[in-house]
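A.B. asks: what's the 3D shape of this:
(4 chains)
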Protein chains: 2
Amino acid sequence: MNTMTEREPSWEWYRTFLKVLETGSLSAAGRAMGLTQPTVGRHIDNLEMALGLKLFIRSFDGFAPTDAALELKPYAVSVATTTAALRRVASSHGTGVRGTVRLTASEVISVEVLPPILAALRNEHPALTIELVTSNKADDLLHREADIAVRMFKPEQEALVAKRVGGIEVGLHAHKRYLAAYGTPKSIAGLSDHSLIGFDYESAYVRQFQKQFPWFSRAALAFRADSDLAQLAAIRAGFGIGICQSALAAKDKALVRLLPTQFSIMMDTWVAMHEDLRQSARCAATFTALVAGLSAYIKS
Amino acid sequence: MNTMTEREPSWEWYRTFLKVLETGSLSAAGRAMGLTQPTVGRHIDNLEMALGLKLFIRSFDGFAPTDAALELKPYAVSVATTTAALRRVASSHGTGVRGTVRLTASEVISVEVLPPILAALRNEHPALTIELVTSNKADDLLHREADIAVRMFKPEQEALVAKRVGGIEVGLHAHKRYLAAYGTPKSIAGLSDHSLIGFDYESAYVRQFQKQFPWFSRAALAFRADSDLAQLAAIRAGFGIGICQSALAAKDKALVRLLPTQFSIMMDTWVAMHEDLRQSARCAATFTALVAGLSAYIKS
DNA sequence: TCGCTGCTATAAATAAATGAATACTATGAC
DNA sequence: GTCATAGTATTCATTTATTTATAGCAGCGA
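C.D. replies: Have a look, this model is predicted:
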């Protein structure tokens, strides 16, 4: 019951706290925020005083965050994403489709599929600004890190409104040039003689995938990349045989689909957003455009 | 690509914005925050300028929030809950179980069951401060509105760690005095001649309940309260026949269990918290104490 | 109708936060 | 080693924000 209520720390201090964590120094944080180094330092001092703990260990080449600071960081990040979402909502106020909408999608989708869809959307709504984040994180819609997401799995959170736009077919592909030089595999077993391109990281999805197709194990891969876009580039460059969307490959005459009957995966594709955002003109319009554009892409 | 980047609004402005929304006036917000009215007014002006929209319609008896302000409010609330969570984490730093832990539970649990458990916990950890919020909202753990929740249903969110502590039996009860005056019902059908006590609000749970026990419909109730605690008080006061935990009723010799074979509901009881908080000594200790205390209560 | 209360708006006085300049320390390149 | 660079800590002048004080308006009750 401390009646002598020590005041709540200024929320602004959290902002500079986060920037110092991100940049690693008072000076850099100051530059990033349009403040000076002494000011940033004082904010940190104030916050440390208010919270009653040391957040950084002072040294001459940057601050070293303490365990406490790292423990608090996720909360500061959460505040930052929330205020960013608030500003997006604010920017959209007025009549018509306007303001900023923030999307997430995988790299391949972002680079190969979305651009024409977004260009058309923007053409229709010139007052709309689009932010595109390449990410596969599942939880960023609930925390308003993005407004709308294109996902390759069914979103399960109940607070989300999600629409399935169809299945994207994924298959084995290689460049003509590669096949001319190293031959065309006639069976799955024949793949072991080839340069395979695949995932580097270990996600739940990749693990399940490798369980289903054990010949595609990590050890068998000659080229590993955590970016599906880099894998696609490797296929296009004739490095070897890899997995990519067959619709993308079909647009490039030099790419050849391999073993289509033995290997084909349909990836369910969904567009999802927070249900609260249905009220928002900018999000509703973008959602509709994404659903329509992706459906057309899949059917093509 | 506006290079002339208009600065991000100070996060502090969001705080006063929220307080103005909550209090309804600049002056009241100022009083609540330890600021003066002109300061609060300028914060709002600044925020309106930065966001480029009117947040309040000025009048002489308080501000009237615009639609835009109401639309932004949830985001400001989210920031407030996040900073509160941050401060709880900060307060717990150090060795041992210390700091503030925030719980939610239903009213009856909060008032009738938890106090001795929490008292023992506090006795064991004198540096621990406890906040108890009576609420049944399902989503407040993910948004860190509370650290730990006692729920009557299985938490489904995957980011939560939940432990079932058993089933709490709920049955029909009445006070001796009431039964002496109006008789004891011999069957479910006989209840229609009695004063029934039940829910006022319509929740999914209540709807399902009334589907299962149609004789307990809203129209049949002589006393309706949205508070289960008020219902319990009505039973104790001899108003009529109502539903409450049989374990609670058993502790009061004046209360009588009615039709125990015909009417008995087991309510699954869970303790849940965000999985990240397992690392936190204060939360882990409280979680354990709640699980142990509630299990003991249920078995008794 | 008057006087009270509570609110916002505005202007001058004051307190507080910020910025500029500087000293000092560590580090890495030459 | 020496110099250049990048960082923090500190001091003091300055700008900025906040308070204090004041005026005006609306609602309410006597």
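A.B. asks: most centrally placed residue in chain A?
C.D. replies: A:Ser135 (1.1 Å; C-alpha atoms, centre = their mean).
A.B. asks: which SS class is the closest residue to that residue other than its chain neighbours?
C.D. replies: Spatially, and ignoring its direct neighbours in sequence, A:Ser135 is nearest to A:Thr104 (4.7 Å; C-beta to C-beta, 6 or more residues apart in numbering or on different chains). From N, CA and C alone the C-beta is placed, and that goes for glycine too. Assigned state for A:Thr104: strand (three-state reduction, DSSP: H, G, I helix; E, B strand; the rest coil).
A.B. asks: verify the contact between A:Thr104 and A:Arg144 for me.
C.D. replies: No - A:Thr104 is beyond contact range of A:Arg144, at 11.7 Å (criterion: C-beta atoms under 8 Å).
A.B. asks: please pull out the lowest mean pLDDT helix or strand from chain A.
C.D. replies: None of the helices or strands of chain A scores lower by mean pLDDT, DSSP states H and E than helix A:204-212, at a mean of 77.
A.B. asks: can that helix be said to contact chain B?
C.D. replies: No - on the criterion C-beta under 8 Å from any C-beta of the partner chain, helix A:204-212 is out of touch with chain B, staying 11.9 Å away.
A.B. asks: from the chain's centroid, how far away is that helix?
C.D. replies: The gap between where helix A:204-212 is centred and where its chain is centred comes out at 20 Å by C-alpha atoms, centre = their mean, to the nearest Å.
A.B. asks: and stretch A:183-195, by the same measure?
C.D. replies: Relative to its parent chain, stretch A:183-195 has a centroid offset of 33 Å by C-alpha atoms, centre = their mean.
A.B. asks: so where do the strands sit in chain A?
C.D. replies: In chain A, the segments counted as strands under DSSP state E are A:56-57, A:64-65, A:99-105, A:128-134, A:148-151, A:160-175, A:196-199, A:221-225, A:241-245, A:255-258, A:265-274.
A.B. asks: can you list those in CSV and add mean pLDDT and mean neighbour count?
C.D. replies: Compiled in CSV, those are given as follows (pLDDT from 0 to 100; neighbours: other C-beta atoms under 10 Å in any protein chain shown):
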stretch, mean pLDDT, mean neighbour count
strand A:56-57, 92, 16
strand A:64-65, 90, 15
strand A:99-105, 94, 24
strand A:128-134, 92, 17
strand A:148-151, 94, 23
strand A:160-175, 95, 19
strand A:196-199, 91, 23
strand A:221-225, 90, 17
strand A:241-245, 95, 24
strand A:255-258, 96, 19
strand A:265-274, 94, 19
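A.B. asks: ok and the residue in the stretch 101-250 of chain A nearest DNA strand C?
C.D. replies: A:Arg144 (26.5 Å; C-beta to the nearest atom of the strand).
A.B. asks: residues near A:His73, how many?
C.D. replies: For residue A:73 the amino acid is Lys, not His. By other C-beta atoms under 10 Å in any protein chain shown, 17 other residues sit near A:Lys73.
A.B. asks: all helices for chain A, in order.
C.D. replies: A:11-23, A:26-33, A:37-51, A:67-91, A:107-108, A:114-124, A:176-182, A:204-212, A:228-236, A:246-250, A:281-299 (DSSP state H).
A.B. asks: for the ones you listed, give me CSV that also has distance to DNA strand D.
C.D. replies: Listed next are the helices of chain A as CSV, based on distance: least, C-beta to the nearest atom of the strand, whole Å:
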stretch, distance to DNA strand D
helix A:11-23, 7
helix A:26-33, 3
helix A:37-51, 4
helix A:67-91, 13
helix A:107-108, 31
helix A:114-124, 35
helix A:176-182, 45
helix A:204-212, 37
helix A:228-236, 31
helix A:246-250, 42
helix A:281-299, 30
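A.B. asks: rank those helices by mean pLDDT and give me the bottom one.
C.D. replies: Ranked by mean pLDDT, the helices of chain A end with helix A:204-212 at the bottom, a mean of 77.
A.B. asks: what comes up buried for it?
C.D. replies: Within helix A:204-212, the residues scored as buried using 16 or more other C-beta atoms under 10 Å in any protein chain shown are A:Val206, A:Gln210.
A.B. asks: next up, the contacts around A:Ile265.
C.D. replies: Contact analysis of A:Ile265 by C-beta atoms under 8 Å, 6 or more residues apart in numbering or on different chains lists A:Glu169, A:Val170, A:Gly171.
A.B. asks: again but with A:Ile44, I slipped
C.D. replies: Contacts for A:Ile44 were tallied using C-beta under 8 Å, 6+ apart; they are A:Trp13, A:Thr16, A:Phe17, A:Val20, A:Leu26, A:Leu55, A:Phe56, A:Phe63.
A.B. asks: mind checking how far A:Glu158 is from B:Phe153?
C.D. replies: 14 Å (C-beta to C-beta, to the nearest Å).
A.B. asks: contacts only, for the closest residue to A:Gly166 other than its chain neighbours.
C.D. replies: Distance criterion C-beta to C-beta, 6+ apart; nearest residue to A:Gly166, sequence neighbours excluded, is A:Ile298 at 4.0 Å. Applying C-beta under 8 Å, 6+ apart, one finds that A:Ile298 lies in contact with A:Val165, A:Gly166, A:Gly167, A:Ile168, A:Ala247, A:Thr269.
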